[in-house]
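**Student:** Predicted model and sequence follow; I will ask about them next.
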Amino acid sequence: MNNKSDTQTFLHTVIINTKDMQRLADFYRAGLALGEGQPHGDDHFGWQLPNLYFGFDLVVQDYAYPGAVSLWFAVADLQVTFDRFVAMGAPVKYGPTKKPWGALLAAVFDPDGNVVGLTQQDS
């Protein structure tokens, strides 16, 4: 088995399955100050971000693990973004915290119970 990392591998797309696509899309649009996204039919909505496609699929059946997704976003100003989510009523997992390895992190929950992690971009 080769343990050498493949530098060509990167996260390309994140799709969250949800029963309330509009509510979840509005949550991320407002919290991350995203521009207008693109609907693709009645059952998909998303944004092409600089290095990632981020979208939502509408599901009608029950899915096994709501809240099982943890998404992490690098933001220019963690405090401003965190405060914006809190003002929207997002439950806080933990506020801005300097971790032992030096990263500044915070996390809230989206309306479906998924973790929305925030990390401060390096300047």
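**Tutor:** Done, it's in.

**Student:** Do you have the strands of the protein handy? List them.
**Tutor:** Applying DSSP state E to the chain gives strands spanning 13-18, 38-39, 44-49, 52-58, 70-75, 92-98, 104-109, 115-120.

**Student:** Of these, which is nearest residue 31?
**Tutor:** strand 115-120 (7.1 Å; Cβ to Cβ). Placement of C-beta: from N, CA and C, glycine included.

**Student:** Now do the buried residues in the closest one.
**Tutor:** By neighbour count on 16 or more other Cβ atoms under 10 Å, the buried set for strand 115-120 is 116-120.

**Student:** helices or strands up against it?
**Tutor:** Secondary-structure packing of strand 115-120 (3 or more Cβ pairs under 8 Å, 6 or more residues apart in numbering; DSSP states H and E): strand 70-75, helix 78-87, strand 104-109.

**Student:** Make a markdown table out of the ones you listed and add mean neighbour count and distance to residue 33.
**Tutor:** Formatted as a markdown table, the helices and strands packed on strand 115-120 follow (neighbours: other Cβ atoms under 10 Å; distance: least, Cβ to Cβ, whole Å):
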| stretch | mean neighbour count | distance to residue 33 |
| --- | --- | --- |
| strand 70-75 | 14 | 9 |
| helix 78-87 | 17 | 7 |
| strand 104-109 | 19 | 15 |
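
**Student:** could you redo these as JSON lines and give each row distance to residue 27 and mean pLDDT?
**Tutor:** Shown next, in JSON lines, are the helices and strands packed on strand 115-120 (distance: least, Cβ to Cβ, whole Å; pLDDT from 0 to 100):
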{"stretch": "strand 70-75", "distance to residue 27": "12", "mean pLDDT": "88"}
{"stretch": "helix 78-87", "distance to residue 27": "8", "mean pLDDT": "96"}
{"stretch": "strand 104-109", "distance to residue 27": "10", "mean pLDDT": "92"}
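
**Student:** Adding distance to residue 45, write those out as TSV.
**Tutor:** What follows is the helices and strands packed on strand 115-120, written out as TSV (distance: least, Cβ to Cβ, whole Å):
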stretch	distance to residue 45
strand 70-75	16
helix 78-87	19
strand 104-109	20
